[in-house]
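*Asks:* what follows is a predicted protein model with its sequence.
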Amino acid sequence: MKNKMNEMIKLIATVATALSLLQCTGSGYSIDMDSDEQISRIDSMIQTTKNSITVNPDSARIAFEQLLLTTKNKLTKKQEGTIYLQMGIICSMKMELEKSDSLHQKAALIFNTIGELCLLASAYTNLGINQSKRGNYASSIDLYKNVEKTIENQHDRCGNLQEGNYNNTGLAYMNIGKMDSARFYYEKCLEAARKNNNKNMMANALINIGNLLQLFNEYKKGTDYFLEAIGLYEEVNNKTGLLGAFVNIASTYVNINNYESALLFFQKADSLSTALNLPNRKASIYHNMGLLYFEQENYDKSLEYVKKSLAIKLQFSDSVGIASSQNALSAIFNKNGNHISAKENATKALDYALRTNNTNLLLLAYNNLYTAQFYLGEFEKALELLSKRDELRDSIFSQQKIEAVQEWQVKYETAQKEAEIQLLREHQMAQQKITSLYIGIIILLIIVVILGILWIGNHQKKTFLLLEQMKYRTIKSKFIPHFTGNVLNSINYLISKNPIAAKRYIADFSLFTNQSLLNADKFCCTLKEEIAYAENYLKLEKLRLEDNLDYAIHLSSEIDIQMEIPTMILQTFCENALKHGIRPKNSRGSIKISAYNHNGFDVVTVEDDGVGREKAKLLRTEGNREGLKIVEQQIKLFNKKNKTTTYLEIVDLYTADNIPAGARFELHIPSAGVTK
């Protein structure tokens, strides 16, 4: 604290001395200073203060305020805009986002007026960072695109600005789940930073790539990136960057259950946030430490740190952060059995999440509140919450459905127009030949007729297939959100139960989603591919259900694994078995996937030992049969396209005492019907 005070005094004294020299130009003073020298001296003061921001942001802000107050009439427009820009950066560091936006907008107006494109781009960049801090990532990406347009053909003049823009764009894409785009921009940033030996930006890119690697469980590689970044930040004495690196490496150690090392780095980050007077960063550190203790099942300690985090966030009216902390408190109280307090905190989290319109926080709040109300015996309210949660989940995908249908409508209309143009061209060519070769009129007419018939037949076939693809795409636009919504359900459940494991689950689900997207436009796939897909799904569910799910796969040697079946159909059977058979059982359950030949059919089955369909109806878990309706539509299209008689049969299983003992989905495909 003493060193910090000394740095502040030294900086303010330096600026004050320089200011006194600038003001000593009246009667009685003999200092001779031309305007160029005055501009140069102010530039020097601005640069000195700017260099101190990452070390001591508070003293830098005071120095800028003094500079703006005492030299207002002596500043050039560029200097005035630069001071507003730097003060905006400091306010952003302090999470004073409204004030930061106002300062950056003033700076942008000045830079636009005087044609300082590089500085204008800097203002846009910082406004984009503020939007990201609010969670408005789409808005931040738009601002970063403005930066790219502004500095187009100005890269040599604008120095390292392009590197920063690559880094910020990658961060925004990562936060909306577009990991490939994020990795692309991070790598571009790192490449450009290494080329220009920009150690600060190199470290920033390494931190972000490390975070991305964590999502895919590459913790060792991620840790190496973090350690390299820490070394670079120490070289350039970037304490704010160092603070972020400490938090990131601590989170990595939590993920690999190295709690001792995690706590050590969190404590380093805590000390540094105190030295830099960054309470918003301290709030984040406390929240993460609370999650660490939650993972260790030390709920008292977890409660202590999350409460500390919440107290700071309330001071800054950080709605997103408050909702996150209230959700964490609710989860802790539910674990402790204090369901009344869990309900109170989940209700507050729901209120703040609604203010910010943050769907992830809303879903988490609904789950925490549902858990509390369930244990408090408020079953009607709990069921009402489940309905609201499902409504929210479904709304997330409604826009995607509309866009998918519109996309195929445009493709269909384009195909029609291209066909009409092609027909017109052929007609013109036929007319030219008839005119120039009268003798061959009869032959040409015959050719034209034949070509016309062939073209019409081919066109009708293409149109039919295109319409079928549109139907199939529409079905898949219902199927994929239906499945993804259920998996999001699982993720939200796991977040409330085990937040650290949830991160690993999200990474596995990201890989699974990529596989889903690759299959999105396929009518069918091979049995081998479909079984691998279903097994990946069961692996995800086993992670969530821990010891309560077993699964096995048995394929007869007479089965051709290259035979084709409708895409994602086995996963739907597995999902149905879990939801309506295994979960209501409230004990260990198993699912078996089999394939064998019987009576001229290749039979692929999914069998569970759950409660059976009759009891599922009594328990009201059968839902609206949306998944099975989609499967029926898939089989219908599959038969139409491949001219087969594939059909689905559902068999109820019973014990020797005639007690329901599960169900079996049997997909019957004519042997040697469809192979790839």
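*Replies:* That came in fine, so what should we check first? As the structure is a prediction and not an experimental result, all values here were calculated from the model.
*Asks:* the residue positioned nearest the centre of the chain in helix, strand or coil?
*Replies:* By Cα atoms, centre = their mean, the chain has its centre lying nearest to residue 177, at 2.3 Å. Following DSSP: H, G, I helix; E, B strand; the rest coil, we place residue 177 in the coil state.
*Asks:* and it, how far is that from residue 215?
*Replies:* Residue 177 sits at a distance of 10 Å from residue 215 (criterion: Cβ to Cβ, to the nearest Å). Yep, even glycine has a C-beta here, placed from its N, CA and C like the rest.
*Asks:* kindly report the same for residue 62.
*Replies:* Taking Cβ to Cβ, one finds residue 62 at 40 Å from residue 215.
*Asks:* residue 570 now?
*Replies:* Using Cβ to Cβ, residue 570 is found at 27 Å from residue 215.
*Asks:* so which of these two has more stuff around it?
*Replies:* residue 570 (26 against 19; other Cβ atoms under 10 Å).
*Asks:* does the residue lying closest to that one once chain neighbours are set aside sit in a helix, a strand or a coil?
*Replies:* Excluding the flanking residues, the one nearest residue 570 by Cβ to Cβ, 6 or more residues apart in numbering is residue 534, at 4.0 Å. For residue 534, the secondary structure call by three-state DSSP comes out as helix.
*Asks:* number the residues from 46 up from this point.
*Replies:* Got it, the first residue is 46 from now on, which makes the last one we talked about residue 579.
*Asks:* ok, now which ones touch residue 579?
*Replies:* Shown in contact with residue 579 (Cβ atoms under 8 Å, 6 or more residues apart in numbering): 615-616, 618-619, 638, 651.
*Asks:* quick one: which of these sit in strands?
*Replies:* 638, 651 (DSSP state E).
*Asks:* want to throw the contacts of residue 579 into a markdown table with distance to residue 397?
*Replies:* Formatted as a markdown table, the contacts of residue 579 follow (distance: Cβ to Cβ, whole Å):
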| residue | distance to residue 397 |
| --- | --- |
| 615 | 41 |
| 616 | 36 |
| 618 | 40 |
| 619 | 37 |
| 638 | 44 |
| 651 | 42 |
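*Asks:* in the contacts of residue 579, find the pair that's most separated.
*Replies:* Based on Cβ to Cβ, the longest span within the contacts of residue 579 runs between 616 and 638 and measures 10.4 Å.
*Asks:* from residue 173, how far off is the residue nearest to the centre of the chain?
*Replies:* Taken as Cβ to Cβ, the span from residue 222 to residue 173 is 18 Å.
*Asks:* now do the residue nearest to residue 419 when sequence neighbours are not counted against residue 656, distance only.
*Replies:* Sequence neighbours aside, residue 427 is the residue nearest to residue 419 in space, at 4.7 Å (criterion: Cβ to Cβ, 6+ apart). Distance from residue 427 to residue 656, counting by Cβ to Cβ: 21 Å.
*Asks:* between these two, who's got more neighbours?
*Replies:* Neighbour totals were compared for residue 427 and residue 656, and residue 656 leads with 23 against 17 (other Cβ under 10 Å).
*Asks:* contacts for stretch 142-159, please.
*Replies:* 122-123, 125-127, 129-130, 132-134, 136-137, 161-162, 164-165, 168-169, 171-172, 175, 178-179.
*Asks:* about what we covered before: ok, and the most crowded of the contacts of residue 579?
*Replies:* That'd be residue 618 among the contacts of residue 579, by other Cβ under 10 Å, with 28 neighbours.
*Asks:* hang on, that residue packs against residue 710?
*Replies:* Yes: Residue 618 is in contact with residue 710 according to Cβ atoms under 8 Å; the separation is 4.2 Å.
*Asks:* residues shared between the contacts of those two?
*Replies:* Shared contacts of residue 618 and residue 710 (Cβ under 8 Å, 6+ apart): residue 651.
*Asks:* surely residue 706 is in a helix?
*Replies:* No: counting by three-state DSSP, residue 706 falls outside a helix, being strand.
*Asks:* report pLDDT for it.
*Replies:* For residue 706, the model assigns a pLDDT of 89.
*Asks:* give the contact list for it.
*Replies:* So residue 706 contacts 654, 657, 698-700 (Cβ under 8 Å, 6+ apart).
*Asks:* now do the helices in the stretch 496-645 of the chain.
*Replies:* Assigned by DSSP state H, counting those that start in this stretch, the helices in the stretch 496-645 of the chain fall at 544-564, 572-590, 614-622.
*Asks:* surely the residue nearest to residue 419 touches residue 418?
*Replies:* Yes: using Cβ under 8 Å, residue 427 makes contact with residue 418 at a distance of 4.2 Å.
*Asks:* ok, then the element right after the one helix or strand residue 359 maps to?
*Replies:* Assigned by DSSP states H and E, residue 359 falls within helix 344-360. Counting by DSSP H and E, the element after helix 344-360 in chain order, helix or strand, is helix 364-381.
*Asks:* residues contacting the residue nearest to residue 419?
*Replies:* Counted by Cβ under 8 Å, 6+ apart, residue 427 has contacts 415, 418-419.
*Asks:* likewise for residue 102?
*Replies:* Here residue 102 is in contact with 135, 138-139, 285, 321-323 (Cβ under 8 Å, 6+ apart).
*Asks:* re earlier: and the buried ones among the contacts of stretch 142-159, selectable in PyMOL?
*Replies:* Buried subset of the contacts of stretch 142-159, written as a PyMOL selection, criterion 16 or more other Cβ atoms under 10 Å:
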select buried, resi 123+125+126+127+129+130+132+133+134+136+137+161+162+164+165+168+169+171+172+175+178
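*Asks:* in strands, which of the contacts of stretch 142-159 appear?
*Replies:* Using DSSP E, no member of those sits in strands.
*Asks:* for the protein, just list every one of the strands.
*Replies:* Ranges of strands within the chain are 569-571, 594-600, 609-611, 634-643, 646-653, 692-699, 705-715, based on DSSP E.
*Asks:* and among the ones you listed, the most buried is which?
*Replies:* Ranked by mean neighbour count under mean count of other Cβ atoms under 10 Å, those are led by strand 609-611, which reaches a mean of 25.
*Asks:* partners of that strand in the sheet?
*Replies:* In the sheet, strand 609-611 lines up against strand 569-571 (antiparallel) (DSSP bridges).
*Asks:* distance between the strand it pairs with and the chain's centre?
*Replies:* 29 Å (Cα atoms, centre = their mean, to the nearest Å).
*Asks:* then stretch 596-605?
*Replies:* 37 Å.
*Asks:* quote the end-to-end distance of it.
*Replies:* 22 Å (Cα to Cα, to the nearest Å).
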